[in-house]
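In: here is my input; please provide its structure:
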Amino acid sequence: MADSLNVALVGYGYVGRVFHAPLISHTAGLRLHTVVSSDADKVLAALPGAHVAADPATAFADDAIDLVVIAAPNAVHAPLAIAALETGRHVIVDKPFTTTLEEARRVVAAAQRADRIASVFQNRRWDADFLALRALIDEGALGDLVELHSHFDRFRPQVPDRWRERAGAGAGLWFDLGPHLVDQALQLFGMPDAIQADIAAQRADAVVDDFFHVVLRYGRLRVVLHAGALVAANGPRFAAHGTGGSFVKHGLDPQEAALREGIAPGAPGWGHDRQPGILTTIVDDAPVSRTFEGPRGDYRACYAAMRDAILGRGEAPVTATQALDVMRVLEAGLESAAGGRAIAPG
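Out: Model prediction:
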């Protein structure tokens, strides 16, 4: 296999067009070869050198393709991933991996049978603010962490007409933003002892959940994952408190906004957080605060890791075990919210 890998992108809606296509195109060693879309004119206007396939099976059957990226609606993640794997392609699926844990297990089993890699696009492992938080925890700057709040709030009072807002498998905010926040928590602390979830629809016209407040329990540590669609005055993105101090971070990683504006990944200033967090520690019994700026974010690292894993140079960006663990927590959250009780993820 050549060091330059050909990629087929399934889906050219918002996620495929804004995130995946530019990130693939600007990751060394990857070539966006084929886009699966029913709108060839739209694809070719933006990507004149790409092949356009009208259906996934055509792309999967092309022996020129090394890696398939699935950016289609959540309900078809599992069948598309399995079909691609069965034709010998490696696969990376936009989050969530699948809509159920059982589906996820079937995808993993298909990857094992095909001796191929199935991974998940968990790009927010490479958010600048998350990297800063992780660095502080790893170096012990916060002491023993006892409380972490991870919020991803928005103000979207009108319910848009899109598949994520319609009743069906994998719809709603818990399966949209929940995979990001859950994955980040598992990266930092592993599987929780228990999960207590409140998941609800708050907007008048909402038919699927647009709010969640989830508490992950780790001994005395509490990790709060929260998102809502009716938050006009956003609080901190992260607030971490420990025996050695606190870290509070407002604002979002800048990469999504840059991608929406059409800025090429890797352009000058890429991934630089212009609103770094504040680290407060206690010195001589008095609080001392300073700006803490961690590493720059770079979503291309997810694709670079997938490239290297395919070429035998490292581990997948999200391993099968990690993908299954996120699905366990997502399902436990649904069970907890339905029963009004804490659940130990199975």
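In: quick one, strands of the chain?
Out: 5-10, 30-36, 51-53, 67-70, 90-94, 118-121, 145-151, 194-200, 211-218, 221-228, 238-242, 245-249, 277-283, 286-292 (DSSP state E).
In: any weak-confidence spans in the chain?
Out: 1-3 (pLDDT under 70).
In: the top helix by length along it: which residues count as buried?
Out: The residue-count maximum for a helix in the chain (DSSP state H) belongs to helix 320-339. Neighbour counts over helix 320-339 (16 or more other C-beta atoms under 10 Å) mark 320, 322-334, 336-337 as buried. Every C-beta, even on glycine, is put in place using the N, C-alpha and C of the backbone.
In: and the angle for that helix with strand 194-200?
Out: 60 degrees (axes from the mean of the first three to the mean of the last three C-alpha atoms, to 10 degrees).
In: picking that back up, adding distance to Ala167 and mean neighbour count, write the strands of the chain out as TSV.
Out: Output for those, formatted as TSV (distance: least, C-beta to C-beta, whole Å; neighbours: other C-beta atoms under 10 Å):
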stretch	distance to Ala167	mean neighbour count
strand 5-10	24	25
strand 30-36	26	23
strand 51-53	30	20
strand 67-70	22	28
strand 90-94	21	26
strand 118-121	24	28
strand 145-151	26	20
strand 194-200	14	19
strand 211-218	16	21
strand 221-228	19	20
strand 238-242	32	20
strand 245-249	35	21
strand 277-283	38	17
strand 286-292	43	11
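In: Leu177: which of the ones you listed is closest?
Out: Evaluated over these, closeness to Leu177 peaks at strand 221-228, with 4.6 Å, by C-beta to C-beta.
In: tell me the strands beside that closest one, with direction?
Out: strand 145-151 (parallel), strand 211-218 (antiparallel) (DSSP bridges).
In: same list (these) but as a markdown table, adding distance to Ala64.
Out: A markdown table is the format used below for those (distance: least, C-beta to C-beta, whole Å):
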| stretch | distance to Ala64 |
| --- | --- |
| strand 145-151 | 41 |
| strand 211-218 | 42 |
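In: now do the helices in the stretch 101-250 of the chain.
Out: 101-114, 128-138, 178-189 (DSSP state H, counting those that start in this stretch).
In: most packed of the ones you listed?
Out: helix 178-189 (a mean of 22; mean count of other C-beta atoms under 10 Å).
In: any idea of the angle that one forms with strand 221-228?
Out: Using the same axes, to 10 degrees: helix 178-189 against strand 221-228 is 160 degrees.
In: and helix 178-189, what other elements does it pack with?
Out: helix 128-138, strand 145-151, strand 211-218, strand 221-228, helix 320-339 (3 or more C-beta pairs under 8 Å, 6 or more residues apart in numbering; DSSP states H and E).
In: let's go with 6 Å and repeat that
Out: helix 320-339 (3 or more C-beta pairs under 6 Å, 6 or more residues apart in numbering; DSSP states H and E).
In: sounds good, over and out.
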